[in-house]
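Q: could you work out the structure for the sequence below:
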Amino acid sequence: MKRIFAILLCLLSMTSLLTACGKEAGLQDGYYTAQVSEFSHGWKEYITILVKGGSIISVEYNAENASGFIKSWDNAYMQTMLHTNGTYPNEYTRYYAGQLLEGQGEGGIDAISGASSSHATFQALVQAVLEQARKGDSSIVIVNAAH
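A: Numbers count the residues shown, from 1 in each chain. Just a heads-up that it's a prediction; the model follows:
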């Protein structure tokens with residue numbers, strides 16, 4: 001009887017160890033945010049993801065100015081950028097976020113012409129936020145994304 005109990009206890013210990021190892025390799029449930037360290041052209045880009053069941057279920061990628069106004073909501077900026085670059089923040093932020101959500105951080109993110117600077121920043125933010133999610137660290141990570 002003691003022997004059976006010892007074997008069961010050993011199996012139970014091994015199961016919990018294997019489960020813990022599997023979780024370390026994947027994404028931990030929670031909200032995770034990464035933001036750039038400095039404002040660029042008056043905006044500071046950030047990304048927030050929500051992980052549930054080990055999968056990314058929500059992505060918010062945008063930028064805000066010093067007063068907290070969201071770049072995608074700035075219609076004057078949108079008009080200027082659309083006419084000069086052929087794209088605008090509400091378009092490329094949703095596109096990049098959608099690619100991250102679809103690929104779950106495993107695939108590459110295609111750049112949109114006219115938003116290549118934001119593409120580079122987005123990639124740096126993604127790497128940082130995914131690292132936080134793997135660790136289960138919900139503190140905001142600051143990224144130096146100077147290009």
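
Q: which residue packs closest to Ala124, ignoring adjacent ones?
A: Ala145 (4.5 Å; C-beta to C-beta, 6 or more residues apart in numbering). Just so you know, the C-beta spots here come from the backbone N, C-alpha and C atoms, and that holds for glycine as well.

Q: distance check, Ser138 against Val51.
A: Separation of Ser138 from Val51 (C-beta to C-beta, to the nearest Å): 10 Å.

Q: ok, now Leu101?
A: Distance from Leu101 to Val51, by C-beta to C-beta: 11 Å.

Q: common neighbours of these two, please.
A: Common neighbours of Leu101 and Val51, using C-beta atoms under 8 Å, 6 or more residues apart in numbering, are Ile57.

Q: who has more neighbours out of those two?
A: Higher neighbour count among Leu101 and Val51: Val51, with 24 against 15, using other C-beta atoms under 10 Å.

Q: and the contacts of the helix or strand harbouring that one?
A: In this structure, Val51 is located in strand 44-52 according to DSSP states H and E. With contacts defined as C-beta under 8 Å, 6+ apart, strand 44-52 is touched by 27-36, 38, 56-65, 97, 100, 118, 121-122, 125-126, 129-130, 133, 145.

Q: which of the residues you listed count as buried?
A: 27-28, 32-36, 56, 59, 61-64, 97, 100, 118, 121-122, 125-126, 129-130, 133, 145 (16 or more other C-beta atoms under 10 Å).

Q: re the thing from before, correct me if wrong: the residue nearest to Ala124 contacts Gln35.
A: No. Counting by C-beta atoms under 8 Å, Ala145 stays clear of Gln35, with 9.3 Å between them.

Q: which neighbours do the two share?
A: By C-beta under 8 Å, 6+ apart, the residues touching both Ala145 and Gln35 are 45, 125.

Q: where exactly do the strands run in the chain?
A: 30-36, 44-52, 55-64, 141-143 (DSSP state E).
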